[in-house]
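Participant: Provided below for reference: sequence and predicted model.
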Amino acid sequence: MRQDQEDPDQRRSAPVYAGAGRAGSGPVEGTRPVLYDAVLLDRDGTLIEDVPYNGDPEKVRPVPGARAALDRLRAAGLRLAVVTNQSGLARGYFSEEQMRAVHARIEELLGRFDAWLVCPHDDADGCDCRKPAPGLVHAAARELDTSASRCVLVGDIGRDVAAAMAAGAAGVLVPTPVTRPEEIAAAGWLANDLPAAVDEILRRQQAVHAVSVPAGERVGTTLVVRSDSAGDVLVTGPAIRAVAAGAQRVVLLCGPRGRAAADLLPGVDEIIEHPLPWIDPAPAPVDPDAMRTLTARLAAVGADEAVVFTSFHQSALPLALLLRMAGIRRIAAISDDYPGALLDVRHRVPVGVPEPERALSLAAAAGHRLPVNDEPVLRLRQDALPSRPADLGDPGYVVLHPGSDASSRACPPELAARIAGSLTAAGHRVLITGGPDERDVTARVAAAGGTDLGGRTDLPGLAAIVADAGAVVVGNTGPAHLAAAAGVPVVSLFAPTVPFGQWGPYRVPTVRLGDAGAPCRDTRAASCPVPGHPCLSGIDPAEVVEAVRVLAGGGGGGR
Ligand SMILES: [Zn+2]
């Protein structure tokens, strides 16, 4: 049966997350913010000036603008927690009583916090709460009656951001003179100071909060568009679910490279597949007959509106012209370029916003918002996934996916082989995955340890295997987003050719590895422009083994 002949209700059959219990002080149902419930704040260097091992309340000095910034968060209904490493307790530099006096002084100056989470240990204790371990973030989320993915943490060093990411929370780095350059390079979200971090948190929260559309203006059919590859389609999923929540019928126009991912998206009723020569990386010449055929197919949809999703380097305008010619009355898209009469909703987004939020903000600008019982996470239609092959054994294995459509973002095969060997030696069952054209690489990697699944899976089959993994080790490529959509933690071997903050695995526990400051940074290169692929080739397989350990113990994954 073709997709466009299926019963629409079947294509909407993905299970919906029931949401955490919201008893007590949480926002009332219907007004729950889309992105975040809580802001977690590092203490020393973030809220107050860093006085090493301070046990003296008299030495507490808030950073400039802290009180007003925190009050803006409180006024927006966000709860606040402090998450702080205080190894001075373990080392006996101050007593617990002195620390309580310091915290009382902080509340006197900065107002009340809803929770205080303190790690009293030293690095040598090997606890699971000292940042960069994710334990404090999980504990804060529990205490605030939410989940880590609904928290954003603000801190001044790499340990803070790493703890947030390992828990699946967002992390904002506010550098100080002690912040190391490589920590700044690796951060996906940077702010100049605490007030600026707070302003951006509130701006992002507001940007996905839809303008309300009167009941009489609700649309029947919305045409959504996301061309490009599987990963691009997957990260647009939350925005498409937002559209589906307000439309009776959702028709998705995608390209051939994104079709398999489009088939996995909840909320899509019908799919039209057609290449767009202004989007494809290796486009065929524009064929006027093909454009006329596409325009006729779009007209036949009878859509009341269209929402055209793009990456920041793509233009929505050529398609908007075809949509106008197809008679679609209301068209929304992100466009920095002047759209003339092509767009009714011309939306603009600052750089650095995660792709799923960028798309959600466009859906919001067009009047669509995720329902309160949904979460802005990536998702897959469970009924679209095949059963996992029985010969792979129990869930909990590690998937290592060395390849990528763009070789600049692939893990060097020699490194992938060493990673496979190290993971196997550490006791993990390792599955090596790759497409039919990556069999040489997967065989070579599997020879060092693990089971070679190269060429054995299509995208739904790979999704089914990924969904039962304990962790996925992968570059910045489609399977990273599959893992995020399955709620499976990701060890991200991230080549910095595009910004991590926009393209990193979204709202899933993640450890980022690789040199974020390598010369390929922000080049968008498809093949590595630097001899030796240094952004990834310097990764130590022991870092991958440690990352898998941290993610496995973090209480994340599985939704
Ligand atoms: Zn601890």
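Facilitator: Sure thing, it's come through.

Participant: Show the contacting residues for the closest residue to residue 512 other than its chain neighbours.
Facilitator: Using C-beta to C-beta, 6 or more residues apart in numbering and skipping residues adjacent in sequence, the residue nearest residue 512 is residue 492, 5.0 Å away. Where C-beta positions appear, they are placed from N, C-alpha and C, glycine not excepted. Applying C-beta atoms under 8 Å, 6 or more residues apart in numbering to residue 492 gives the contacts 474, 475, 476, 480, 500, 504, 505, 510, 511, 512, 513, 514.

Participant: Spell out the secondary structure type for residue 492.
Facilitator: Per DSSP: H, G, I helix; E, B strand; the rest coil, the local secondary structure of residue 492 is strand.

Participant: Any buried residues in stretch 276-286, and which?
Facilitator: For stretch 276-286, burial by neighbour count (16 or more other C-beta atoms under 10 Å) applies to 276, 279.

Participant: what residues does it touch?
Facilitator: Outside stretch 276-286, the residues touching it (C-beta under 8 Å, 6+ apart) are 227, 228, 255, 257, 275, 310, 314, 315, 318, 319, 526.

Participant: Give me the distance between that stretch and the centre of its chain.
Facilitator: On the basis of C-alpha atoms, centre = their mean, to the nearest Å, stretch 276-286 sits 27 Å off its chain's mean C-alpha point.

Participant: Just give the nearest non-adjacent residue to residue 543, would you?
Facilitator: Leaving aside its chain neighbours, residue 543 sits nearest to residue 513 (5.5 Å; criterion: C-beta to C-beta, 6+ apart).

Participant: can you count the residues close to that neighbour?
Facilitator: 20 (other C-beta atoms under 10 Å).

Participant: Same question for the one 5 residues further on.
Facilitator: Here the number of neighbours of residue 518 (other C-beta under 10 Å) works out to 20.

Participant: mind checking pLDDT for the residue found closest to residue 45 once you drop the neighbours it is linked to in the chain?
Facilitator: Residue nearest to residue 45 in three dimensions, not counting chain neighbours: residue 156, with 3.9 Å by C-beta to C-beta, 6+ apart. With respect to pLDDT, residue 156 scores 98.

Participant: With residue 211 instead?
Facilitator: pLDDT, residue 211: 67.

Participant: Now, the contacts of residue 492 that are in helices?
Facilitator: Counting by DSSP state H, the contacts of residue 492 place 480, 500 in helices.

Participant: which residues does residue 474 contact?
Facilitator: 399, 400, 401, 411, 480, 483, 490, 491, 492, 493.

Participant: same thing but 6 Å
Facilitator: Residue 474 makes contact with 401, 480, according to C-beta atoms under 6 Å, 6 or more residues apart in numbering.

Participant: So the closest residue to residue 438 other than its chain neighbours versus residue 251, what's the distance?
Facilitator: Closest residue to residue 438 apart from its sequence neighbours, by C-beta to C-beta, 6+ apart: residue 403 at 4.2 Å. The gap separating residue 403 from residue 251 is 32 Å, by C-beta to C-beta, to the nearest Å.

Participant: Among these two, which residue is more densely surrounded?
Facilitator: Taking other C-beta under 10 Å, residue 403 and residue 251 do not tie; residue 403 has more neighbours (26 against 23).

Participant: SS state for that one?
Facilitator: Classification of residue 403 using three-state DSSP returns coil.

Participant: Double-check it against residue 434; I have them as touching.
Facilitator: Yes - counting by C-beta atoms under 6 Å, residue 403 touches residue 434, with 4.7 Å between them.

Participant: Show me what the host helix or strand of residue 240 is packed against.
Facilitator: For residue 240, the host element (DSSP states H and E) is helix 237-246. If you count contacts as 3 or more C-beta pairs under 6 Å, 6 or more residues apart in numbering; DSSP states H and E, helix 237-246 packs onto strand 221-226, helix 355-365.

Participant: was I right about residue 272 contacting residue 252?
Facilitator: No - taking contacts as C-beta under 6 Å, residue 272 lies outside contact range of residue 252: 7.2 Å.

Participant: More neighbours: those two, which one.
Facilitator: Per other C-beta under 10 Å, whichever of residue 272 and residue 252 has more neighbours is residue 252, with 27 against 19.

Participant: Show the contacting residues for residue 418.
Facilitator: Applying C-beta under 6 Å, 6+ apart, we find residue 418 in contact with residue 541.
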